[in-house]
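Undergrad: just need the structure, nothing else, for what follows:
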Amino acid sequence: MEEKKYNASDDIYSKILRAGRRTYFFDVRSTKAGDYYLTISESKKFTNEDGSFYFKKHKIYLYKEDFQGFSDLLNEMTQYIIDEKGLEVISEIHQKDYKKEEDKEETKEDEKKENFTDVDFDDI
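TA: All right, here's what the predicted structure looks like:
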C-alpha cells in the first residue's frame with residue numbers, strides 16, 4: 001500500500017491499494033469543525049471500443065461514530081467468505097480451464113452436431 005501525506009487543509013493522510021484494474025484510496029479528511037473522518041474510494045478502469053479508457057469511481061464516507069459497527073461487520077463478512085470459500089480466488093481470470101456457462105452450452109451443441117449422422121432416405 002502506498003502512503004502519502006497532503007498539505008491541503010482537508011486531506012490529512014492517505015493510503016492507496018492497487019488491485020488489478022481497481023485502485024482503492026483510503027483518505028483521512030478533516031471536517032470544518034476540525035474532526036477527522038475516512039473516505040474510501042474505488043476507481044475502476046474501463047476500456048472503450050476505440051481503445052481509449054475511462055474510470056468509474058465510487059466513494060464511501062465513514063464517520064467516527066460508525067467505525068466500530070463498520071469494522072465489526074466488515075470483519076464478520078470477510079471471515080464468513082473465507083470460512084465458506086477459503087482464500088483461493090475462484091474466477092475465470094484466475095483459472096486457465098474455466099468455462100462460462102454459455103461456452104459449456106456451445107460445447108454441448110458442437111458435440112451433438114458431431115454425433116449426428118446425415119442419412120439420405122433415398123439410400124434406404
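
Undergrad: from here on, contacts and neighbour counts on C-alpha atoms
TA: Fine.

Undergrad: past the one helix or strand S14 maps to, which element shows up next along the chain?
TA: Following DSSP states H and E, one finds S14 within strand 11-19. Scanning forward in sequence from strand 11-19, with DSSP H and E defining helices and strands, the next element found is strand 22-30.

Undergrad: next, the angle strand 11-19 makes with that following strand.
TA: 170 degrees (axes from the mean of the first three to the mean of the last three CA atoms, to 10 degrees).

Undergrad: sheet partners, orientation included, of strand 22-30?
TA: Applying DSSP bridges, strand 22-30 is found paired with strand 11-19 (antiparallel), strand 36-47 (antiparallel).

Undergrad: out of the ones you listed, which is closest to I82?
TA: I82 sits nearest to strand 11-19 of all the strands paired with strand 22-30, at 18.6 Å, using CA to CA.

Undergrad: list the buried residues of that closest one.
TA: Going by neighbour count (16 or more other CA atoms under 10 Å), the buried part of strand 11-19 is I12, Y13, S14, I16.

Undergrad: go ahead and confirm the second one touches S30.
TA: No: Y13 is not in contact with S30 according to CA atoms under 8 Å; the separation is 9.9 Å.

Undergrad: low pLDDT regions in the protein?
TA: Filtered on pLDDT under 70, the chain yields the residue ranges 1-10, 92-124.

Undergrad: export the strands paired with strand 22-30 to JSON lines and tack on distance to Y80?
TA: Shown next, in JSON lines, are those (distance: least, CA to CA, whole Å):
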{"stretch": "strand 11-19", "distance to Y80": "21"}
{"stretch": "strand 36-47", "distance to Y80": "22"}
